[in-house]
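What would the 3D arrangement of this be:
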Amino acid sequence: MQTRQLQIQFHTPAFLGDANQSGRWRTPPFKAQLRQWWRVAYAVQQQFAVNVREMREVEGRLFGHAWLESDKDDQDNKVAARRSQVRIRLSQWSEGNESPWSSQDAQVQHPNVHDRDGRQKPVGAQLYMGFGPLIFERGTALKANAAIQAKEEAELAIAFPDDQAPLLDHALQLMDDYGTAGGRSRNGWGSYSLHRTDGQAIAVNATPSQLLAKCLREDWPHALGADSQGLLAWQTMPHKDWAGLMKTLAQTKIAMRTQFDFNSGKNASVPEDRHWLSYPVTNHSVASWGNNARLPNQLRFKVRPTVEGQLVGVIFHIPHQPPKEFGSNIQTLERIWRQVHSHLDQTATLKRLTA
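So this is what the prediction gives:
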């Protein structure tokens, strides 16, 4: 077995709920992160020619399972379940200290939000980016008891078999570069960084990327997208704190989404362009998709620290084909996402990342 001793630090508040929906340090979200980014590292190892069934079998034997029908032990006996070979331990399981919500929520304009008289109404940037864990109660407030504060940290220990070191080290690098954990993590909440405490550096590999059209042929997130200009990732200007940065990210997301106008209201007969960014959309349902369909946004946000002690936001695209029941068309998806990428390229406060 090999071990990695790591320090994990959050750069934005994290909504890691326990059984009582209170924010608490817990190992399952980090194991889920390790598993998610291990799949991307595995895809790189296979040069993106992945047999998903084979990958799931390898994953089940490494991380544990209760479903593999083909698994056998060393004596060639069939086994119905297997314990994880990856062990994770946190130095604390304490409750978060962010209770009640103490940050002042900056207001941003949203062209689709109006008051009862039809006048455009500003919304809280943090509320917009964190709705669900955050609610409106005479201002932005926490729905549950607590959240983990920005700058909180803990020690994270991971043990795994020797032969798994290359893939898991690559996964840890991807977690550090792009990982976020907890509720509304795709919007940048729960952004964290990892630092090895044994004096060794985290492995450095090129960011795994595939051309947009190739990514959209696969139905699972396996790489960052790329186009003729390079990686589909953008970075904001530095900010002194996460609250100011969250305002910038909210404005960026609102502008990116509302560039697509709706021509229909509830129960549209066919999906419009904006529906393909994420679904459901308030007051703009699609009849064939219903109210229970879920299409998460493939454009994700991450907050990273700078060497000067400030914070930057990273916006990156992990494209993949939506579930089959949505009836998507690759050419339509490619056209819509290229329009999103062009919009981000033309946003003055953003710059393209090269790696």
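
Could you use CA atoms for every contact and neighbour count after this?
Will do.

Show me where the protein dips below the pLDDT cut-off.
Scanning the chain for pLDDT under 70 picks out the ranges 69, 71-73, 75-77.

What is the burial count for residue 96?
Applying other CA atoms under 10 Å, we find 22 residues neighbouring residue 96.

List phi and psi for it.
The phi/psi pair for residue 96 (degrees, to the nearest 10) reads phi -60, psi 160.

Provide the contact partners of stretch 24-37 at residue level.
Stretch 24-37 has contacts (CA atoms under 8 Å, 6 or more residues apart in numbering) with 16-18, 63, 88-90, 92-96, 146-148, 168, 171-172, 174-175, 179-182.

Buried ones in stretch 21-38, by neighbour count?
22-27, 30-31, 33-38 (16 or more other CA atoms under 10 Å).

Okay, domains of the chain per the record?
1-96+148-205, 100-144, 207-355 (automatic domain parsing).

one step back: from the buried residues of stretch 21-38, which is closest to residue 188?
residue 33 (14.3 Å; CA to CA).

so which of the buried residues of stretch 21-38 comes closest to residue 47?
Nearest member of the buried residues of stretch 21-38 to residue 47, counting by CA to CA, is residue 38, at 14.1 Å.

all strands of the stretch 101-250 of the chain, in order?
In the stretch 101-250 of the chain, the strands defined using DSSP state E, counting those that start in this stretch lie at 107-108, 123-124, 134-136, 140-142, 153-160, 192-196, 209-211, 224-227, 230-231, 233-236.

Format these as CSV; extra columns: mean neighbour count.
Formatted as CSV, the strands of the stretch 101-250 of the chain follow (neighbours: other CA atoms under 10 Å):
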stretch, mean neighbour count
strand 107-108, 18
strand 123-124, 20
strand 134-136, 17
strand 140-142, 22
strand 153-160, 18
strand 192-196, 21
strand 209-211, 20
strand 224-227, 20
strand 230-231, 18
strand 233-236, 22
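
Which among those is found nearest to residue 247?
Across these, closest to residue 247 is strand 107-108 (CA to CA), at 7.3 Å.

helices or strands next to the closest one in the packing?
Other helices and strands packing on strand 107-108, by 3 or more CA pairs under 8 Å, 6 or more residues apart in numbering; DSSP states H and E, are strand 123-124, helix 242-258.

so can I have TSV of the ones you listed showing distance to residue 131?
Output for these, formatted as TSV (distance: least, CA to CA, whole Å):
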stretch	distance to residue 131
strand 123-124	10
helix 242-258	12
